[in-house]
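Enquirer: Dropping a prediction and its sequence here:
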Amino acid sequence: MADLSTTLQSSLATLSSRERRMVMAAGVAVLVFVVFMVTFSFSKKATKIRTTTETKIGQLSRVQELAASYNQSRAQRDMAERQLAASNVRLSSFLEDIAKQKGVELPTINPKADVPLEGTKIVESSVEVTLTDVKLNRLLEFLQAVEGGPGVVKVKYLRLEPRPSTESITAWLQVATYHLKN
């Protein structure tokens, strides 16, 4: 290193003042270029790291959202399965009991065969009911009591025919309950 330094000093001493200024300017230019390249490469690398970090943070937040929605869906599914497992409603007797409570007469109840729902472990049991000459308010109370009862009970079909002469309604409905296969 010392030999290189003395060689450079002796070479610079042999140059004229104008040549020394040109060599110094070239040296400063090379030094500025090297500093620029180092700074530019660090800046580019820092930007790349920052962009990658932001992308990964975005992906992590998306994963957290998906995990939360999955957990919520899973909880809803588990709750529905518990309801289905606990559902042990005998529709004919259930509907007759509610009809007595609400003062509605059930002239016909036709049970249907149990049907497994496609692609699931759920079985649907249903009955068709005909209500003749029932008042609208009594029908509404009856339907609310049916769907508000224990287990999973739904009115799947409802057809109404008004009877203006008696201010009543004839209703045909299909009521279903669901439970898990044994």
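Expert: Right, received. Where do you want to start?
Enquirer: Next up, phi/psi of Thr132, please.
Expert: Main-chain torsions, Thr132, degrees, to the nearest 10: phi -110, psi 140.
Enquirer: Any idea how many residues pack against it?
Expert: Neighbour count for Thr132, taken as other C-beta atoms under 10 Å: 15. (Glycine included, C-beta is placed from N, CA and C.)
Enquirer: So the residue nearest to it when sequence neighbours are not counted: helix, strand or coil?
Expert: Leaving out its chain neighbours, the residue that sits closest to Thr132 by C-beta to C-beta, 6 or more residues apart in numbering is Thr170, at 5.0 Å. Using DSSP: H, G, I helix; E, B strand; the rest coil, the structure places Thr170 in strand.
Enquirer: Check Thr120 too.
Expert: Here Thr120 is recorded as coil under three-state DSSP.
Enquirer: returning to what we had before: who does the residue nearest to Thr132 bridge with?
Expert: Thr170 has these beta-bridge partners by DSSP bridges: Glu161.
Enquirer: what about it, distance to Pro107?
Expert: With distances taken as C-beta to C-beta, to the nearest Å, Thr170 is found 10 Å from Pro107.
Enquirer: Determine the residues that are contacts of both of the two.
Expert: Thr130, Leu131, Thr132 (C-beta atoms under 8 Å, 6 or more residues apart in numbering).
Enquirer: measure the residue positioned nearest the centre of the chain to Thr55 for me?
Expert: For the chain, the residue sitting closest to the mean C-alpha position, by C-alpha atoms, centre = their mean, is Ser69 at 4.6 Å. As defined by C-beta to C-beta, Ser69 lies at a distance of 21 Å from Thr55.
Enquirer: what's the span of stretch 95-111 from first residue to last?
Expert: With C-alpha to C-alpha, to the nearest Å applied, stretch 95-111 spans 12 Å between its terminal residues.
Enquirer: So for that stretch, mean pLDDT?
Expert: Averaged over stretch 95-111, pLDDT sits at 88.
Enquirer: what's that stretch in contact with?
Expert: For stretch 95-111, contacts defined as C-beta under 8 Å, 6+ apart pick out 91-92, 125-132, 134, 138-139, 141-142, 145-146, 149, 175.
Enquirer: quick one: the helices in the protein?
Expert: Ranges of helices within the chain are 2-14, 17-86, 91-102, 136-147, based on DSSP state H.
Enquirer: May I have the first one as PDB, with CA atoms only?
Expert: So the one you mean is helix 2-14. The C-alpha trace of helix 2-14 is given here as PDB (Å, rounded to 0.1, in the frame of the first residue of the first chain):
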ATOM      1  CA  ALA A   2       2.800   2.400   0.900                       C
ATOM      2  CA  ASP A   3       4.600   1.600  -2.400                       C
ATOM      3  CA  LEU A   4       1.400   2.300  -4.300                       C
ATOM      4  CA  SER A   5       1.000   5.600  -2.500                       C
ATOM      5  CA  THR A   6       4.600   6.800  -3.300                       C
ATOM      6  CA  THR A   7       4.200   5.700  -6.900                       C
ATOM      7  CA  LEU A   8       1.000   7.800  -7.200                       C
ATOM      8  CA  GLN A   9       2.600  10.800  -5.500                       C
ATOM      9  CA  SER A  10       5.600  10.700  -7.800                       C
ATOM     10  CA  SER A  11       3.300  10.300 -10.900                       C
ATOM     11  CA  LEU A  12       1.200  13.300  -9.800                       C
ATOM     12  CA  ALA A  13       4.300  15.400  -9.100                       C
ATOM     13  CA  THR A  14       5.500  14.900 -12.700                       C
END
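Enquirer: Many thanks, have a good one.
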